[in-house]
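K.L.:
Next input, structure requested:
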Amino acid sequence: MTSADQQHAQKMQVAEAAVKFVRSDSVLGVGTGSTVNCFIEALAASGKRIEAAVSSSEASTTLLESHGIEVIDLNLAGTLDLYIDGADEFDSHRRLIKGGGGALTREKIVTAASRSFVCIVDESKKVGVLGRFPLPVEVIPMARSFVARQLVSMGGQPELRQGFVTDNGNVILDVHNMDLVDPVKMEKNLNNLPGVVTNGLWALRPADVVLMATGSGVKTFD
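P.N.:
This is a model prediction of the structure:
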């Protein structure tokens with residue numbers, strides 16, 4: 001089995017573990033990314049019926065609807081019982097970096113609207129201190145240069161994600177070498193920059209449960 005096959009097998013394993021958290025006939029929040037795609041496949045294969053889903057991206061909406069799962073607007077759904085999504089990194093406090101796929105703003109909104117957030121990852125995503133993965137910051141286009149200068153003054157090295165526009169019509173600055181020893185403080189500081197829509201730190205509202213796929217099974221952090 002190649003490393004790519006092993007990684008896919010781990011993603012399917014953790015996706016199937018996440019299906020057990022889904023309550024029948026509930027409205028479920030669904031995130032974005034390759035591990036979430038495995039979760040959608042696993043949910044469809046399980047035969048478990050949900051009332052509807054709230055999706056964080058157009059890509060996830062398309063996949064959900066292809067399996068006959070109705071996707072509704074968050075404004076019509078109210079508070080969600082559960083949100084399932086992946087992450088680019090997580091630490092021992094279940095704080096995350098997300099946004100590698102570019103859907104961070106919608107993901108953060110759905111996280112906030114959910115009673116519980118279960119994060120599904122493989123073991124390559126666990127870090128001692130957040131920041132190995134560049135921190136995505138979604139920015140209104142007219143503020144791109146201004147925000148980039150502020151990020152430099154905060155110690156980061158921002159890089160425009162070339163050829164990418166978010167589902168909200170904004171751009172993303174991927175910030176390298178940012179000091180994230182205090183991710184709660186940094187999340188607040190970044191959110192206070194004019195022109196920033198949101199940033200990829202999930203520290204103020206970390207995951208409630210992280211399910212991590214390993215070569216010897218799924219490990220739970222809660």
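
K.L.:
which stretches of the protein aren't confidently modelled?
P.N.:
Low-confidence segments of the chain (pLDDT under 70): 1.

K.L.:
in it, which spans are helices?
P.N.:
With DSSP state H as the definition, the chain shows helices at residue ranges 3-19, 34-46, 58-66, 74-77, 104-112, 144-153, 183-191.

K.L.:
residue contacts, Arg144?
P.N.:
160, 171, 173, 195 (CB atoms under 8 Å, 6 or more residues apart in numbering). Backbone N, C-alpha and C define where each C-beta goes, glycine included.

K.L.:
Pull out the CA atoms of stretch 162-170 and give them to me as CSV.
P.N.:
C-alpha atoms of stretch 162-170 as CSV (Å, rounded to 0.1, in the frame of the first residue of the first chain):
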residue,chain,number,x,y,z
GLN,A,162,-2.3,33.3,-6.0
GLY,A,163,-5.3,32.7,-8.3
PHE,A,164,-7.7,32.1,-5.5
VAL,A,165,-10.9,33.9,-4.5
THR,A,166,-13.0,32.7,-1.6
ASP,A,167,-16.7,31.8,-1.9
ASN,A,168,-17.3,35.2,-0.3
GLY,A,169,-15.3,37.1,-3.1
ASN,A,170,-12.3,37.8,-0.9
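
K.L.:
longest strand anywhere in this structure?
P.N.:
Selection of the longest strand in the chain by residue count, based on DSSP state E, yields strand 114-122.

K.L.:
Buried residues, that one. List them.
P.N.:
Of the residues in strand 114-122, those buried by neighbour count under the rule 16 or more other CB atoms under 10 Å are 114, 117-122.

K.L.:
on that earlier part again, buried ones only from the contacts of Arg144, please, as a ChimeraX command.
P.N.:
Applying 16+ other CB under 10 Å to the contacts of Arg144, the buried members can be selected in ChimeraX as follows:
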select :171,173,195
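
K.L.:
Of the contacts of Arg144, just say which sits nearest to Asn37.
P.N.:
Comparing the contacts of Arg144 against Asn37 with CB to CB places Val171 closest, at 24.6 Å.

K.L.:
quick one: that closest one and Pro141 touch, right?
P.N.:
Yes. Checked against CB atoms under 8 Å, the pair Val171 and Pro141 is within contact range at 5.5 Å.
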